[in-house]
Structure formats: C-alpha cells, structure tokens
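Trainee: Could you work out the structure for the sequence below:
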Amino acid sequence: MVDQALTRALRRAVLRPELSPNDPLPGDDVPDAVHFAALSPTGEALSTCFVFPAPCPWQPERAGAWQMRQMATQPACRGQGIGGAVLTAVAEHLTAAGAPLAWCQARLVAVPFYEHHGWLAHGAVYQHIGMPHRDMWLELSGPTSARP
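Mentor: Numbers count the residues shown, from 1 in each chain. So this is what the prediction gives:
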C-alpha cells in the first residue's frame, strides 16, 4: 500500500494524458481508498491501482464488495508480471479483509489481462470515458465466500 501521490503521475500518463499535472484525477477524493503500487528501486511507480468499498452493480446482494479503479502500468514494464503482482496484492489484501469480491470497469484492451489473472467478464461491452469498457469481477476466497 502506498500514498496516492506516489502513483498520480503514472495514472495520469497512462489513463488520462489529456489532463494537466494540476488537474485532480477522478477518484483521488474517494474516501477509504487503498492505493497499491509496484515500485522501482528508486521509488518510481511501475504499476498501480486503487480499491475502495463499493457495491457491485450486478451483485448488489453481495455486501462488502470493493471496486478497483485506475489500474495502470508503465508501457515499458508490461508483460513482465508487474501488473499481475499488483493484482495479486490487491486480492490478498481484500481477501484478508473478508471481502467477497472485487470488481472494475475494464478498458476493453485490458480484458485479456484481467482474464489471465482469474477475473470474469460481466455483461456487454459499453462506452465509458470515450472508449469501450467491460465490467469485470473477481471472486475472492475470504471468510464469507469461496473461490469456485
């Protein structure tokens, strides 16, 4: 877990390059958000995301779900397992906290990455922030649920 300020430049560069360095990023003001990052030896964020408690829209009866947002990995670091390590850290943290599932709105180009790490697609592709997205979710094996 890291301070969100440490990940802001990476999230902006990868996900919202149209924003200036002084513009706040959507989600930076989310209460109870927990930020994760894989860091270089010099402390630079190589991959990151954050999670926060939020009901899953297609499984509202599953109390205690967490939403993941702003998963970003430096382009030069992709395909090296760094993003996967961040996803693993998130799943371990949420499982230890007893969360039954994590969910996200994945950019369509990232769906294969999430599927490779055990996430499941839900529903149809839709447009969000000007690009195609797909809802994804991960069943966690915490005290209140078991992985299928």
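
Trainee: Which secondary structure element is home to the residue nearest the centre of the chain?
Mentor: For the chain, the residue nearest the mean C-alpha position is Met68 (3.6 Å; CA atoms, centre = their mean). Met68 belongs to strand 66-73 when assigned by DSSP states H and E.

Trainee: ok now that strand, how far from the chain's centre?
Mentor: 2 Å (CA atoms, centre = their mean, to the nearest Å).

Trainee: got the contact list for it?
Mentor: 7, 10-11, 13-15, 25, 27, 30, 46-54, 56, 82-83, 86-87, 90, 94, 99, 101-106, 110 (CB atoms under 8 Å, 6 or more residues apart in numbering). From N, CA and C alone the C-beta is placed, and that goes for glycine too.

Trainee: Give me the buried subset of these.
Mentor: By neighbour count, with 16 or more other CB atoms under 10 Å, those hold 7, 10-11, 14-15, 25, 30, 46-51, 53, 56, 82-83, 86-87, 90, 94, 99, 101-104, 106, 110 as buried.

Trainee: From these, which land in helices?
Mentor: Assigned to helices by DSSP state H, the following of these qualify: Leu10, Arg11, Val14, Leu15, Ile82, Gly83, Val86, Leu87, Val90, Leu94.

Trainee: In TSV, list those along with pLDDT and distance to Ser40.
Mentor: Below are these laid out as TSV (pLDDT from 0 to 100; distance: CB to CB, whole Å):
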residue	pLDDT	distance to Ser40
Leu10	92	11
Arg11	93	16
Val14	92	15
Leu15	91	19
Ile82	96	10
Gly83	96	14
Val86	97	13
Leu87	96	18
Val90	96	19
Leu94	96	25
